[in-house]
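In: I would like the atomic coordinates for the input below:
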Amino acid sequence: MQPEGLGRKAARGAASTGAGLVTRIALQLVTVAVLGRLLTPAQYGLIAMVLAVIGVGELLRDFGLSSAAIQAPQLSVRQRSNLFWSNTAIGVLFAVVVLAGAPAVAAVYDQPKLTAITRVLAATFVINAMMTQYRASLLRAMRFAAVAAIDVLAPALALVVAVVAALAGAGYWALVAQQLTAATVALVACVVVGRWLPAPRWLRGEQMRQFYTFGVFLLGSQLIGYVANNVDAFIIGRRFGAAPTGSYNRAFQLLMNPLNQVRTPSTTVALPVLSRAGLSAQFDRIVRTGQLVLGYPVAVGLGIVVGTAYPLVDVMLGGQWSAVPPVLRFLAVAGAMQTMAYVGYWVYLARGLTRQLMAYTTVTSVLKISLVLAGSTWGIAGVAGGYALAATLEWPLSLWWLSRITAVPTRALYGGAGRILAVGTCAGLATTGAVWALGGTASWVQVLVGALAGVCAAAATTTVPRVRRDLGELTHALRAAVRR
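Out: Residues are numbered from 1 along each chain as shown. Next up is the predicted model:
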């Protein structure tokens, strides 16, 4: 594909993915607000404990093979079929392991209810494993609109099921039903839209080694990163119990889930496009523009979250979640810093540098675990503070590390990140000031006026020439996305 064609694919993929993203974030916020009023922190805490364990198995059943399939220069129908059976076999294996190990999970947390919850959620390994290569095929073909539609449909139906179950008095089982429904709907939709069936068995004689080599190192980095990213929830569960874990989990759900729904779809578009751009100048342009498109909205949005944390939690969750706002503020800082480093992750995957990615992830994970452990001395807010400090130290390191092993526009990315964070800081300060000035008024008024102040402050920064040029690049990308 010609560079111009890649640019158009990237822009249109970003447009369709962005439209789905807006819908998913709105859906996520509705989910948090509605279920947060129907269920208790302790009930959320139980599911959060299990999901911390289930998430490890989810990485293992993928084995990095979805990204391997998307990134591969060539992928035959027979190879795709073998990858399907590889993922499915791994999924079945880990479902059996989790079924057998469910009592151990309950014993670790000293929560007997976790045995049944863990065994039921083990089914998601098999369902998601079967979906892996269907989804990867859609992304490899750059059918971004189809993937975006599936990513909206599955959680929407899952939310309906969860709300009905919660209203019926199902308690934490409503959240279990939500997880199972989302996985099942996504699988069925991917199969229907994908329109292909794997061979009835493993096919001999196919060259598969390159996929497994790519996957094993990506899996290694993901596992290491997963442990580091979930050590906070594990420590809180062990040290402080279900209710504090539920409060911490709600902060994550309110902030990190929508943020991940921004970052993960960005990789959905970036990986197949950058994999085909190679070492061309187009590669650097897409990376630089991608950082701006991803970074500015996220930084401004998270700056507003920092400023409105207390009234926002009151509006979204209610009074029983009073422990959430300090945690939310620290996680907003962490989210902004992580986003600055995210474009580096695209480069590692697109250029097949999964071995180097695992080495980098190991170093930064040790840093994160150390700081989270130290922060736990001050309770759940201290844990979130350690998490945020680690992210702040990691993002400049990520670009430096990457520049040592491959060609990357480091100077442009550092400069872009600096401007993005400066604009986000201006938005956060303006929002904080507005909320402080409105102390004593209704929470929804504080949120609304604070958000408006933050947006106005961000808009005012466009008087700076370099920020204005960034805005021009964003405008150009938007026009490319809607151009036919």
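
In: low-confidence ranges, the stretch 101-250 of the chain, go.
Out: For the stretch 101-250 of the chain, no stretch has pLDDT under 70.

In: what segments of the stretch 101-250 of the chain are helices?
Out: Assigned helices in the stretch 101-250 of the chain, in chain order: 114-121, 123-140, 144-167, 173-194, 209-240, 242-277 (criterion: DSSP state H, counting those that start in this stretch).

In: let me have those in CSV, extended by distance to residue 421 and mean neighbour count.
Out: Just so you know, the C-beta spots here come from the backbone N, C-alpha and C atoms, and that holds for glycine as well. Compiled in CSV, those are given as follows (distance: least, CB to CB, whole Å; neighbours: other CB atoms under 10 Å):
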stretch, distance to residue 421, mean neighbour count
helix 114-121, 38, 20
helix 123-140, 30, 23
helix 144-167, 28, 19
helix 173-194, 34, 19
helix 209-240, 21, 20
helix 242-277, 15, 23
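
In: for residue 329, which of those helices is the nearest?
Out: helix 242-277 (9.1 Å; CB to CB).

In: in terms of secondary structure, what does the following helix or strand past that closest one contact?
Out: Using DSSP states H and E, the helix or strand that follows helix 242-277 in sequence is helix 281-316. Helix 281-316 is packed against helix 3-38, helix 242-277, helix 324-350, helix 410-437, helix 443-460, helix 465-482, with contacts defined by 3 or more CB pairs under 8 Å, 6 or more residues apart in numbering; DSSP states H and E.

In: now the ones you listed in JSON lines, with distance to residue 95?
Out: Output for the helices and strands packed on helix 281-316, formatted as JSON lines (distance: least, CB to CB, whole Å):
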{"stretch": "helix 3-38", "distance to residue 95": "26"}
{"stretch": "helix 242-277", "distance to residue 95": "24"}
{"stretch": "helix 324-350", "distance to residue 95": "27"}
{"stretch": "helix 410-437", "distance to residue 95": "41"}
{"stretch": "helix 443-460", "distance to residue 95": "42"}
{"stretch": "helix 465-482", "distance to residue 95": "40"}
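
In: picking up where we left off before, out of the helices of the stretch 101-250 of the chain, which comes closest to residue 367?
Out: helix 209-240 (8.4 Å).

In: can you flag the weakest of the helices and strands packed on helix 281-316 by average pLDDT?
Out: Among the helices and strands packed on helix 281-316, helix 3-38 carries the lowest mean pLDDT, at a mean of 62.

In: most tightly packed of the helices and strands packed on helix 281-316?
Out: Greatest average neighbour count among these goes to helix 324-350 (a mean of 25), per mean count of other CB atoms under 10 Å.

In: now that one against helix 281-316, angle please.
Out: Helix 324-350 runs at 160 degrees relative to helix 281-316, counting by axes from the mean of the first three to the mean of the last three CA atoms, to 10 degrees.
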